[in-house]
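Participant: Got a predicted structure plus its sequence, pasted below:
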Amino acid sequence: MTVTRGLEGVVATTSSISSIIDDTLTYVGYNIDDLAENATFEEVVYLLWHRELPTKQQLEELKQQLAENATIPKEIIEHFKMYPIEKVHPMAALRTAISMLGLYDEEADVMTKEANYRKAIRLQAKVPTVVTAFARVRKGLEPVEPRKDLGFAANFLYMLTGEEPNETAVEAFDKALVLHADHELNASTFTARVCVATLSDVYSGITAAIGALKGPLHGGANEAVMKMLKEIGTIDNVEPYIRKKLENKEKIMGFGHRVYRKGDPRAKHLRKMSEKLTKLVGEPHWYEMSAKIEEIVTSEKSLPPNVDFYSASVYHCLGIDHDLFTPIFAVSRMSGWLAHILEQYDNNRLIRPRAEYTGPEKRTYVPIEQRG
Ligand SMILES: CC(=O)SCCNC(=O)CCNC(=O)[C@H](O)C(C)(C)COP(=O)(O)OP(=O)(O)OC[C@H]1O[C@@H](n2cnc3c(N)ncnc32)[C@H](O)[C@@H]1OP(=O)(O)O
Ligand SMILES: O=C([O-])CC(=O)C(=O)O
């Protein structure tokens, strides 16, 4: 048996959703740079689910479907209120709430293509409402009802704060959503595909994916980056802090990638946004510290920043609580997970690799009285 630890380089499926070739990321053939500059998140959702950009009418239809399905059962809010709230990470709350949503969906176990698509709409529509409702309930605030007249990005920020966001914030948030929407066979997407390849339901697949995204080696890195920036505190502290971490062979969060070698093409967009927004909110030190960290880690370890590195200071500037960064990643990645789940159902085969056994062999059962 040949063992490939971490399945590095193993091609486990075909997919027509997104590709990473020679450090270039495309969604259904469109370069991420092009989409980041020109597309809205709703257009990207349509693209990932239908493999074509929408016409005006198709886009309006999708937006309307998302708006009409954005409310969540009141039982989920009541459930949040029962949590030992100060100990609950919003990713854990999201994981539980998405699983719970399945209990209130009469079609949860209906496996037709049409029913699965309807569930995709419902999940994409409801995930911002779930994240923002939890963010408010834990502060003793009432959730804000979604508005039908706002786009996806604006509605998220509105439900979070109760105030209509300004154009700069909406534009930045929408671009961040576009940049995080899909990424080939990353760990959480693979998890979703493994789960539904047993012909389990969409809610189970998404719940599993959220669990995988939560880890700091994957989506959880964006929150960890902000924690590191706060720990560093000042620009003068960057150099000693980072050098010490490297000497101790500790990982610097937001750097490195399993697939990219020269660099993550999404990072430059977030870097630009971070530079602009940190100046705008009068906190340029977050960008300056980040840029300095990048300089050191790139020269010392040849490790470029990934999507999680500059997204941390971007979300911070939008006034978002740091432990909501990864749930926001999930709000966007929901679109990719759903695209992959639907693609898996369309051409399914159970995913079941092998393990090379390394434990003891040829042992004989010893009765419990004789074990010392
Ligand atoms: C959306 C996303 O999921 S993007 C990734 C988000 N995760 C992070 O930012 C966490 C930090 N980065 C990492 O842990 C890794 O780079 C991963 C998990 C992203 C990729 O991991 P792998 O491909 O398995 O690489 P692996 O962890 O084996 O690292 C290879 C070498 O580079 C080093 N390395 C990798 N990333 C880092 C880092 N961020 N800081 C310091 N050293 C690093 C490792 O220590 C290892 O060195 P060694 O060969 O001397 O032991
Ligand atoms: O592809 C990966 O391994 C991780 C990643 O960048 C993502 O999920 O966006």
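Facilitator: Thanks, I have the structure now. None of these values were measured; they are calculated from a predicted model. Numbering: from 1, shown residues only. Ligands and ions are numbered 1, 2, ... in the order given.
Participant: Low-confidence ranges, the stretch 1-150 of the chain, go.
Facilitator: By pLDDT under 70, the stretch 1-150 of the chain has no low-scoring segment.
Participant: So which residues of it form helices?
Facilitator: In the stretch 1-150 of the chain, the helices defined using DSSP state H, counting those that start in this stretch lie at 32-38, 41-50, 56-68, 74-82, 90-103, 113-137.
Participant: Dump those helices into TSV; add distance to residue 371 as well.
Facilitator: Backbone N, C-alpha and C define where each C-beta goes, glycine included. Converted to TSV, those look like this (distance: least, C-beta to C-beta, whole Å):
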stretch	distance to residue 371
helix 32-38	59
helix 41-50	56
helix 56-68	60
helix 74-82	44
helix 90-103	39
helix 113-137	48
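Participant: List just the one of those that sits closest to residue 335.
Facilitator: Ranking the helices of the stretch 1-150 of the chain by proximity to residue 335 (C-beta to C-beta) places helix 41-50 first, at 4.5 Å.
Participant: Residue 220 is in contact with residue 213, correct?
Facilitator: Yes. Here residue 213 reaches residue 220: they are 7.4 Å apart, a contact under C-beta atoms under 8 Å.
Participant: Need the residues touching each of these two.
Facilitator: 91, 326 (C-beta atoms under 8 Å, 6 or more residues apart in numbering).
Participant: Distance check, residue 142 against residue 132.
Facilitator: 11 Å (C-beta to C-beta, to the nearest Å).
Participant: Between the two, which has more neighbouring residues?
Facilitator: residue 132 (25 against 10; other C-beta atoms under 10 Å).
Participant: What strand or helix carries the nearest residue to that one once chain neighbours are set aside?
Facilitator: Spatial nearest neighbour of residue 132, excluding adjacent residues (C-beta to C-beta, 6 or more residues apart in numbering): residue 159 at 3.8 Å. Element membership for residue 159, per DSSP states H and E: helix 152-161.
Participant: Phi first, then psi, for the residue of the stretch 151-300 of the chain at minimum distance from ligand 1.
Facilitator: Closest contact between the stretch 151-300 of the chain and ligand 1, by C-beta to the nearest ligand atom, is at residue 256 (2.3 Å). Note on residue 256: its backbone torsions stand at phi 90, psi 160 [degrees, to the nearest 10].
Participant: Tell me how far the residue nearest to residue 217 when sequence neighbours are not counted lies from residue 310.
Facilitator: Distances taken as C-beta to C-beta, 6+ apart put residue 187 closest to residue 217, at 7.8 Å, once the chain neighbours are dropped. For residue 187, the distance to residue 310 equals 21 Å [C-beta to C-beta].
Participant: quick one: which of residue 213 and residue 220 has more around it?
Facilitator: residue 213 (25 against 21).
Participant: how about that one, what does it touch?
Facilitator: Taking C-beta under 8 Å, 6+ apart, we find residue 213 in contact with 91, 187, 188, 219, 220, 326, 329, 330, 333.
Participant: Over to residue 356?
Facilitator: Neighbours of residue 356 in contact, by C-beta under 8 Å, 6+ apart: 1, 3.
Participant: Could you shift the numbering so residue one becomes 22, and keep it that way?
Facilitator: All set: I'll call the first residue 22, so the last point we hit is now residue 377.
Participant: Could you measure from it over to residue 209?
Facilitator: In terms of C-beta to C-beta, residue 377 sits 26 Å off from residue 209.
Participant: about what we covered before: which outside residues touch the next helix or strand after the helix holding residue 180?
Facilitator: Next along the chain after helix 173-182, taking DSSP H and E as the criterion, comes helix 188-201. The contact list for helix 188-201, computed with C-beta under 8 Å, 6+ apart, reads 53, 56-57, 60-62, 65, 172-175, 177-178, 186, 287, 290-291, 294, 298, 301, 328, 332, 335-336, 338-339, 349-350, 352-354.
Participant: Disregarding residues adjacent in the polypeptide, which is nearest to residue 171?
Facilitator: Here the residue nearest residue 171, using C-beta to C-beta, 6+ apart, is residue 179, at 5.8 Å.
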